[in-house]
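When you get a sec, could you give me coordinates for this:
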Amino acid sequence: MPVSKNGTFKVSIVNSKTQREFTELVTPEKKNYICVENNQPFKINIIADNEHTDKSFGCHLYLDGKIVKGKKTFRAKGWFHGFKQGGGKFREFLFSIPPQGEEEKKEVQEVDSSIDIDNFGNTIYKRPEYLGSEYFGTVHLRFFKCKEGKMKPAKAMNNAFNSSFHQASRTGDVKVAYKSMSVKEGECFEFKSAPFKRRKIEQEDKGWGNDDKENKPIEKPRMFKEYIILERKGPVDEVTIHYGDIAALQVLGIISLDNYQHLMMIPPPLLAEASYVIKVFKTIVDTKKKIHIKDCGLEFHQATACKLDDLFLNVEEELPEFFKIKSDIFHFAHNGVITLNKFYKEHSVSSRRLKGGRSHKKVQKLNQPPEVIEID
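Below you'll find the model as predicted:
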């Protein structure tokens with residue numbers, strides 16, 4: 001679970017359909033990455049550490065560098081369920097392949113406008129609408145302190161969320177791998193929240209006016225205690241989560257399916273493809289040196305968090321045949337032990353050396369598009 005810069009908050013991206021948390025990868029540069037798919041809905045979970053569970057905080061959300069309308073206040077933990085539409089309705093956060101388009105006018109303008117000066121000459125924080133193109137392919141949150149204040153219930157809350165969120169598009173001569181996904185609005189849904197938790201402020205007077213009219217006093221407008229975000233003082237913490245599809249993350253060198261620790265990043269739907277199952281078992285066997293056919297289910301689940309029973313109709317019968325068919329990669333012994341084929345292993349080593357020798361020539365061709373190596 002990604003942690004904010006100061007370590008105060010933990011943030012997780014959760015698949016809205018499966019309720020499964022996306023597995024994150026932290027690079028040596030301390031950047032958080034998750035692997036996503038096209039048309040995949042998600043929601044965002046926020047948890048404060050144990051030392052701050054009794055404090056209230058506010059949060060601003062940015063998707064692909066663009067501000068999401070509205071503010072989130074929470075204590076201990078909270079959720080971003082989607083784009084607010086008002087009246088308990090939301091639109092899904094949806095990962096999607098971005099369209100090709102032109103730069104928006106506001107994106108061309110200077111984006112470093114988070115600092116402003118008030119009428120008294122004091123430096124204050126001003127929420128920027130756009131963070132910059134370097135935030136494309138990110139989920140970014142900024143956290144603020146809060147205080148309790150008094151407010152009247154708004155009459156037209158829906159007006160604040162009428163404007164739709166415009167999906168970020170690919171711009172200019174940009175390779176697909178570097179801008180593989182962006183966020184757009186998905187389907188509309190209604191979220192039934194918990195009972196209204198704002199506490200009514202006790203009124204000194206129960207009513208006023210002419211009590212002769214049906215002896216019913218006219219009530220004062222009810223007031224509520226609300227958390228007010230202290231925006232002017234600026235954010236106290238922030239976190240950025242990068243995302244992309246599996247092809248893009250491989251091209252960028254973020255993940256490698258030859259790395260056992262990265263197998264957990266593979267989206268579960270892709271494991272329904274035989275090519276990915278082969279790649280997973282190849283990496284498992286290469287890491288473990290050998291595995292037994294009886295342990296394949298456990299090894300596969302430990303590496304990917306997915307079950308072989310969901311991929312095969314009859315694992316006990318089909319899995320041995322699966323390894324026998326791929327005899328060019330695996331050696332399936334009579335005692336049930338599976339190892340990598342010796343000739344395949346030697347071929348893989350020689351191929352890596354060959355690619356290493358050509359690496360200097362590829363660096364010189366700056367305009368050459370990146371290659372995505374297909375899985376055998």
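
just the helices in the stretch 151-300 of the chain please.
For the stretch 151-300 of the chain, helices defined by DSSP state H, counting those that start in this stretch occupy the ranges 246-251, 274-288, 296-304.

Serialize these to JSON lines and add fields for mean neighbour count.
Placement of C-beta: from N, CA and C, glycine included. Listed next are the helices of the stretch 151-300 of the chain as JSON lines, based on neighbours: other CB atoms under 10 Å:
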{"stretch": "helix 246-251", "mean neighbour count": "20"}
{"stretch": "helix 274-288", "mean neighbour count": "18"}
{"stretch": "helix 296-304", "mean neighbour count": "18"}
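
now those as TSV including mean pLDDT?
Converted to TSV, the helices of the stretch 151-300 of the chain look like this (pLDDT from 0 to 100):
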stretch	mean pLDDT
helix 246-251	92
helix 274-288	95
helix 296-304	96
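
what's the closest of the ones you listed to Arg170?
helix 246-251 (12.0 Å; CB to CB).

Just send the helices of the stretch 151-300 of the chain back as a markdown table, with distance to Ile46 too.
Shown next, in a markdown table, are these (distance: least, CB to CB, whole Å):
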| stretch | distance to Ile46 |
| --- | --- |
| helix 246-251 | 24 |
| helix 274-288 | 32 |
| helix 296-304 | 27 |
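
mind checking which of those is nearest Lys5?
So among the helices of the stretch 151-300 of the chain, helix 246-251 is nearest, using CB to CB, at 22.8 Å.

For Glu238, find the nearest of the helices of the stretch 151-300 of the chain.
helix 246-251 (22.8 Å).

for that closest one, packing partners?
Contacts defined by 3 or more CB pairs under 8 Å, 6 or more residues apart in numbering; DSSP states H and E place helix 246-251 against strand 32-35.

Could you identify the helix or strand that succeeds the strand it packs on?
Using DSSP states H and E, the next helix or strand after strand 32-35 towards the C-terminus is strand 40-48.

So for Lys179, which of the helices of the stretch 151-300 of the chain sits nearest?
Between these, helix 246-251 lies closest to Lys179; by CB to CB that is 8.2 Å.

Distance from the closest one to the middle of the chain?
Here helix 246-251 is found 16 Å from its chain centre; the criterion is CA atoms, centre = their mean, to the nearest Å.

For Phe74, give its distance to Cys146.
9 Å (CB to CB, to the nearest Å).

Between these two, which contacts overlap?
Ser56, Phe57 (CB atoms under 8 Å, 6 or more residues apart in numbering).

How is the chain divided into domains?
Following automatic domain parsing, the chain resolves into domains at 9-246, 256-364.
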